[in-house]
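Enquirer: mind looking at a prediction? Sequence and model below.
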Amino acid sequence: MKEKKYGKLSNKAKALGILTVCLIFVCVCAICLRLQNRTNQIVFGEKNLELKTAYAIDGNIRSEAPSESEDYTFATKPFILPAGDYMIELVYMSSAPGYIYVQGNNDCVFSIDLPVTYGENQIITDGHLSLVVGTDKGRMKFYQTGDGLIEIKKLRIMSDNHIYNDYYVIIGLAALISIALIVIILVFNRLRLSRIGFSYIGLLIIAMILVNIPFCIKGTYYEVDTQAHMKRIEAIAQGIRDGQWPVLIGPNYANHYGELVALQPGLFLYLPAFLRLLNVTVPTAYNICMIFVNIATAVAAVVCGERYFTSLRWGIVAAVFYLVEPFRLYVMMALGAGAGMGTALIFLPFLLVGLHETMDRGGFRWKYITVGLWGMACSHVMGFALAVLVMIIYILFHIKQLFNKDVFIALVKAAFAFIILTVGVLAPFIGYYFTDWNRTALQWTDFYHFPVERVREVLNVISLLVIVISYIALRKTVHISRFGRGIFLTGFISILMSLPIFPWFLFGKIPAVDSFLSMMQYPMRFHFAAVLPMAFVAAEAVCSNMDSRRKHRKAVMCSIVGLLGLGVAANYITFYNAEKLFDDPVTGEINTLMEDYLPGGTLTEWYDNDTGEFSDYDKVEAYSYSKINTHVDCTYTSSDDGQYMEFPLFYYEGYAACDQNGIPLKVEKGEHNRVRVYLNKSYEIQELHLSFVVKRTYKLLFFFSLAACVVWFTYNIGFLAYRAVRSGRIT
């Protein structure tokens, strides 16, 4: 049956559409600018305070008994502030003395005394907080030192400038969306979309809204890896401020001792890190990153689905199923790992479809393989390891095709292009992987006894049922290709491997397998390789039975959609049952105990304080000291040779020191893995300048790969867009 086309838009309709978009944009700008004017202060209330012996009444905080063992009565939740000058304003009335202890960074701590008031009088007191660099662990604690009632009427931090610029970013995003809508209105006549085509696009838009709702609402929820990924974003932002290109050391980790981030490839985290440099808050930068991950996932799934099914409609259905696949949603929401494994899942379709096109169809889409491997290598090491394992197994099952000259050359091209695009990320990763770091922290010994989580296993079972039902429905409807059977087996076996019933304890008796499993840490990660197979098999089953009038085939479609809906509901329930990590844009805890990538043997108590050591306090005397991220400047005198200072920085290859004349000083690993610098003997005051320096080789390779990526993707995306506009129809 011939589909009815929409007619062309009249000039009046175009003008009305453009005017509507512009009016909405103006309204968004007005609202955002009004809200932005209120971002010069933080008001602390019950929602962003931790109450111990204090309690809230009528919006005020009351404390009637002194804390025991010098423990605080109440405290603010940690706050994140950029560099700048702030004033702390406190309005209170009290019949007992007390004080507020203020901590910005380790080098910015002081207290504000709270003397007794008389009668119903209130006192307004203030203190000044000056941050040379931003803080991600600011905090105020209240101590009551006598019996009586203390009532806090108002507590806030004020700044002359805007503390954050979130609403300006929202205006920028609204501008981009408005431009996109206007372009669509102007080129509508060339798209030649049918009614069915619009319904498919509408389905994809609904799925996009569904998966992005958690990242558009106010507040960020505490999930397993959310803090860790926020900390990674902050580490890259601080590393850029520190002058590192690429960022190899996260200077804000481990009480500002620093941690290796070169072993956690995070090329795509530079986007939210740049937002942090623009003074966007951590939760907003994180949520924008997650929205972009979902958008990129949809685009990748549509492109690869259209290539695999040779139908854009089927590709859109596959993209919808890929977006709402239970494990992918679990990664993005309940696990909070969207900045790592969630980003890697953007590129899984390119790898599998590229292998299929190259090995089975002879299409030689080796560029898809390159993009898939590049994206996973630059976002998630474990996902990349699993992808390489799947690729090797796939090639072994198609070993005969390797003797085909064209196929072999295509794979060589893919490997060569992959190296060119990723050498800037791989070089520092390989360089630091073989140094002395705490790799044993990543070797989990409880893989075989990993605790069973009800929601996680329910999602595994849902995915297993979907892929099995879809495959059975396909067997009765169409002839399944060799690749179709292979992709089903890949998904089916991967899901089984992630279930508690899989006999890993038998395979773990092989030393190599045991080492690999301990690196994988927990079975659920094997589900990674099943996300695309489940989505594609389910999409093919639904699309193949869509026009069927048989009841049992309609039941198959409904069961698949129903199971996926159950997975979405389970993920939403788990997500919203978690505690809030950020109640407002700047108060939330992102400092987590991350000891995976510290120097080998490091103990937590080694970085409890932010002080260094002298070799001999009688022979070395310090006169001034300044530490900003990995940079240390100090002056000293030393009365003997061989004396040294140890600074509150963990030692990694790359630290260098010099004196006031630029003459290098010897740097090595000291006690407790601290940076040790040997001093010049001198009775006159000497200068010492210490910093972490990225090797020139790493810098050149990083910018070379970055330039190669820009050229590669500009050309290929431009070509795809040109082809899409030329085709102009959803078939």
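Expert: Nice, thanks for sending it over.

Enquirer: three-state assignment of the residue minimising distance to the centre of the chain?
Expert: The chain has residue 339 as the residue nearest its centroid, 2.7 Å off, counting by Cα atoms, centre = their mean. Assigned by DSSP: H, G, I helix; E, B strand; the rest coil, the conformation of residue 339 is helix.

Enquirer: isn't it right next to residue 233, touching?
Expert: Yes - with contact defined as Cβ atoms under 8 Å, residue 339 reaches residue 233; the gap is 7.1 Å. Quick note: C-beta positions are derived from backbone N, CA and C, even for glycine.

Enquirer: find residues that contact each of these two.
Expert: 269, 272, 286, 289 (Cβ atoms under 8 Å, 6 or more residues apart in numbering).

Enquirer: average model confidence for stretch 64-78?
Expert: What stretch 64-78 shows for mean pLDDT is 75.

Enquirer: then stretch 429-439?
Expert: Across stretch 429-439, the average pLDDT comes to 80.

Enquirer: same check on stretch 118-131?
Expert: 75.

Enquirer: dump that stretch to PDB, restricted to CA.
Expert: Only the C-alpha atoms of stretch 118-131 are listed here, as PDB (Å, rounded to 0.1, in the frame of the first residue of the first chain):
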ATOM      1  CA  TYR A 118      21.300  38.500  75.800                       C
ATOM      2  CA  GLY A 119      17.500  38.200  75.900                       C
ATOM      3  CA  GLU A 120      15.900  37.900  72.500                       C
ATOM      4  CA  ASN A 121      18.700  39.700  70.800                       C
ATOM      5  CA  GLN A 122      20.200  38.300  67.600                       C
ATOM      6  CA  ILE A 123      23.800  38.600  66.500                       C
ATOM      7  CA  ILE A 124      25.000  38.800  62.900                       C
ATOM      8  CA  THR A 125      28.500  37.600  62.600                       C
ATOM      9  CA  ASP A 126      30.600  36.800  59.600                       C
ATOM     10  CA  GLY A 127      33.900  35.400  58.400                       C
ATOM     11  CA  HIS A 128      35.800  35.600  55.200                       C
ATOM     12  CA  LEU A 129      36.800  32.500  53.100                       C
ATOM     13  CA  SER A 130      39.500  32.900  50.400                       C
ATOM     14  CA  LEU A 131      40.200  30.100  48.000                       C
END
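
Enquirer: off-centre distance for that stretch?
Expert: Centre-to-centre, stretch 118-131 and its host chain are 39 Å apart (Cα atoms, centre = their mean, to the nearest Å).

Enquirer: what's next to stretch 104-112, contact-wise?
Expert: So stretch 104-112 is contacted by 81, 88, 90, 99-103, 125-127, 129-133, 135, 137-138, 255-256, 610, 627 (Cβ under 8 Å, 6+ apart).

Enquirer: any idea how far the residue lying closest to the residue nearest to the centre of the chain once chain neighbours are set aside is from residue 337?
Expert: With Cβ to Cβ, 6 or more residues apart in numbering as the criterion, residue 339 has its nearest non-adjacent residue at 3.9 Å, and that residue is residue 229. Distance, residue 229 to residue 337, using Cβ to Cβ, to the nearest Å: 7 Å.

Enquirer: quick one, phi psi at residue 630?
Expert: phi -90, psi 0 (degrees, to the nearest 10).

Enquirer: and what of residue 94?
Expert: phi -150, psi 140.

Enquirer: with residue 280 instead?
Expert: With angles defined as degrees, to the nearest 10, residue 280 sits at phi -90, psi 140.

Enquirer: that one and residue 341: what is the separation?
Expert: 24 Å.

Enquirer: again, but for residue 510
Expert: From residue 510 across to residue 341, the span is 26 Å (Cβ to Cβ).

Enquirer: between the two, which one's more packed in?
Expert: Taking other Cβ atoms under 10 Å, residue 510 and residue 341 do not tie; residue 341 has more neighbours (24 against 11).

Enquirer: for the stretch 401-550 of the chain, give me the ranges with low pLDDT.
Expert: Along the stretch 401-550 of the chain, segments meeting pLDDT under 70 span 438-453, 476-484, 545-550.

Enquirer: ok so, going back, residue 74: which of the shared contacts of residue 339 and residue 233 is nearest?
Expert: residue 286 (27.5 Å; Cβ to Cβ).

Enquirer: quick one, what contacts the closest one?
Expert: By Cβ under 8 Å, 6+ apart, the contact list for residue 286 reads 220, 226, 229, 230, 233, 272, 339.

Enquirer: cutoff 6 Å now
Expert: Applying Cβ atoms under 6 Å, 6 or more residues apart in numbering to residue 286 gives the contacts residue 230.

Enquirer: and what of residue 527?
Expert: Listed by Cβ under 6 Å, 6+ apart, the contact set of residue 527 reads 327, 498.

Enquirer: could you redo the last one with a cut-off of 7 Å?
Expert: Applying Cβ atoms under 7 Å, 6 or more residues apart in numbering to residue 527 gives the contacts 327, 460, 494, 495, 498.

Enquirer: in CSV: those, plus secondary structure.
Expert: Below are these laid out as CSV (three-state DSSP):
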residue, secondary structure
327, helix
460, helix
494, helix
495, helix
498, coil
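
Enquirer: which of those residues sits closest to residue 685?
Expert: Distance to residue 685, by Cβ to Cβ, is smallest for residue 327 among the contacts of residue 527, at 61.3 Å.

Enquirer: report how many residues lie close to the residue nearest to residue 175 when sequence neighbours are not counted.
Expert: Closest residue to residue 175 apart from its sequence neighbours, by Cβ to Cβ, 6+ apart: residue 25 at 6.8 Å. For residue 25, the tally of surrounding residues (other Cβ under 10 Å) stands at 18.

Enquirer: residue 217 now?
Expert: Residue 217: 11 neighbours (other Cβ under 10 Å).

Enquirer: Provide the secondary structure category for it.
Expert: Applying three-state DSSP: residue 217 is coil.

Enquirer: domain assignment for the chain?
Expert: 1-39+166-190, 41-159, 193-222+281-430+444-588+704-727 (automatic domain parsing).

Enquirer: so can I have CSV of those domains showing distance to residue 599?
Expert: Listed next are the domains of the chain as CSV, based on distance: least, Cβ to Cβ, whole Å:
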stretch, distance to residue 599
domain 1-39+166-190, 37
domain 41-159, 20
domain 193-222+281-430+444-588+704-727, 16
